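>>> All I have is the shape, not the residue letters:
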């Protein structure tokens, strides 16, 4: 059974930092590109960051460039999202996704991030 489990969310003050983790089981993460998405209340789910299978290519939404960093550890079967200089508009549920083409796509259950003073 494939599972993606996000963790590390919580309440942070504006300007603060959080690191999210996405731990995978039931798949070999190195066979999948990975993404982080987020969804704020009343908004569509949006792509935040993506990382290639080997971790050597990344992509970011303009709204998080220079503040967020995506990384992965294929030995630990885990992906990370380091979020710095956070803003209230970063408040959302954050989801990780494994993108495998013919292998299938899988989503985690999400973790809440709230940026507020």
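Alright, I've got the coordinates. Small disclaimer: the values here were computed from a predicted structure and weren't measured.

>>> Sketch out the low-pLDDT regions of the protein for me.
Within the chain, no stretch has pLDDT under 70.

>>> so where do the strands sit in it?
3-7, 10-12, 18-25, 33-39, 46-51, 58-60, 68-73, 78-83, 92-99, 105-107, 111-115 (DSSP state E).

>>> For those strands, give me JSON lines that also has mean neighbour count.
(Each C-beta comes from the backbone N, C-alpha and C, glycine too.) Putting the strands of the chain into JSON lines (neighbours: other CB atoms under 10 Å) gives the following:
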{"stretch": "strand 3-7", "mean neighbour count": "17"}
{"stretch": "strand 10-12", "mean neighbour count": "14"}
{"stretch": "strand 18-25", "mean neighbour count": "19"}
{"stretch": "strand 33-39", "mean neighbour count": "22"}
{"stretch": "strand 46-51", "mean neighbour count": "19"}
{"stretch": "strand 58-60", "mean neighbour count": "15"}
{"stretch": "strand 68-73", "mean neighbour count": "18"}
{"stretch": "strand 78-83", "mean neighbour count": "22"}
{"stretch": "strand 92-99", "mean neighbour count": "21"}
{"stretch": "strand 105-107", "mean neighbour count": "15"}
{"stretch": "strand 111-115", "mean neighbour count": "18"}
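
>>> Looking at strand pairing, list the partners for residue 83.
Judged by DSSP bridges, the bridge partners of residue 83 are residue 18, residue 68.

>>> what sits against it?
Taking CB atoms under 8 Å, 6 or more residues apart in numbering, we find residue 83 in contact with 17-20, 64, 67-68, 90, 113.

>>> ok, 10 Å please
If a contact means CB atoms under 10 Å, 6 or more residues apart in numbering, then residue 83 has 8-9, 12, 16-20, 36, 48-49, 64, 67-69, 90, 94, 113, 115 as its contacts.

>>> cool, and residue 70?
By CB under 10 Å, 6+ apart, the residues touching residue 70 are 20, 22, 34-36, 48-51, 55, 58-60, 64, 79-82, 96.
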